[in-house]
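**Student:** Pasting the sequence and the predicted model now:
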Amino acid sequence: MTDISQPNPDTSMAQPAEKVPRVVVFDSGVGGLSVLDALQRQLPGHQYYFVSDNAGFPYGTRSEYSLTQRVHKVLRQIMPHLQPDLLVVVCNSASTVVLPSLRESYETPFVGVVPAIKPAAALSKTGVIGLLATPATVQREYTHRLVREFAPNCRVEMHGSGELVEIAERAIRGVAPGPMQMQQALQPLIDRCSEEVDTLVLACTHFPLIKQWIEPYFPSVQHWVEPADAIARRVESLLGKGQPGLTEQPRAILTQADGDLDALQAYLGKLGFGPVEVREIDAAH
């Protein structure tokens, strides 16, 4: 007689495969790649999608109304297509302006990025902190409120540069900046920081991509503060580590065909991306 007290391993039903968490990293340009790199290193068990709204680039020069309308327009098309478990908004401008309305519109968790003034104040010994950001981030009241709240005893010297964003966009496409170009873009902060600055906040996700060209101009800086690691910790707290041993390629999506797509594809290929997908979304909001 056959013993049926235990299930036959050859005929028992297989357990359904665990769902791989989908994480979308969203930006107007390529700055989000600095955050995606940290996510892949620290949390390799997720499926990653990098969405660059290059048709709407740059976000930092838009009004709050225009920016809100644009981000919602793009995500209305992207969210049903990708169905992410979590979306990281890695643009400071979009995070400070649009995140509240996004959280009201979607059940999907959103993680944003803000200038890392609090950790910078904790690290600084001299009390003199440099902050590199876009002009919009420097001007926004939200940034000044962070300084008042978390660095009241520090001198925070800010410099907003759109040129550095453009330099980063070109650098990842193989066009390295020259010394004179970097000097001119950084000179206002160099003049104000002197040798007392020991901590510098890279408050735009584009800037870690060109950190190697920024460092020589600030020899006294001991602490370079970037948002990527903090974002990775937040993503882990919401989604866990994902599936160990996952080998899925990250995917990149643009909202218009890039004029230097071959150069961008070559850079993304080095990061393990497959072919770039273009989903046309006209620049108007």
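**Tutor:** Sure, I can see it.
**Student:** I'd say residue 265 and residue 274 touch.
**Tutor:** No: the criterion here is C-beta atoms under 8 Å, and residue 265 misses it with residue 274 at 9.5 Å. For every residue, glycine as well, the C-beta is placed using N, CA and C.
**Student:** Tell me which of those two has more neighbours.
**Tutor:** When neighbours are counted by other C-beta atoms under 10 Å, residue 265 and residue 274 differ, and residue 265 comes out ahead with 16 against 13.
**Student:** I'd like to know how many residues surround the nearest residue to that one once chain neighbours are set aside.
**Tutor:** With sequence-adjacent residues excluded and distances taken as C-beta to C-beta, 6 or more residues apart in numbering, residue 265 is closest to residue 276, at 5.5 Å. Residue neighbour count, defined by other C-beta under 10 Å, stands at 19 for residue 276.
**Student:** again with residue 239
**Tutor:** The local packing of residue 239 (other C-beta under 10 Å) involves 18 other residues.
**Student:** In contact with residue 30, which residues are there?
**Tutor:** With contacts defined as C-beta atoms under 8 Å, 6 or more residues apart in numbering, the neighbours of residue 30 are 52, 168-169, 172, 206, 209, 264.
**Student:** Now do the same contact list for the residue lying closest to residue 167 once chain neighbours are set aside.
**Tutor:** Closest residue in space to residue 167, ignoring its immediate chain neighbours: residue 177 at 4.8 Å, by C-beta to C-beta, 6+ apart. Taking C-beta under 8 Å, 6+ apart as the contact definition, residue 177 lies against 167, 170-171, 210, 213.
**Student:** In TSV: those residues, plus secondary structure, pLDDT and neighbour count.
**Tutor:** As requested, those are exported to TSV (DSSP: H, G, I helix; E, B strand; the rest coil; pLDDT from 0 to 100; neighbours: other C-beta atoms under 10 Å):
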residue	secondary structure	pLDDT	neighbour count
167	helix	96	23
170	helix	93	16
171	helix	94	18
210	helix	96	23
213	helix	97	21
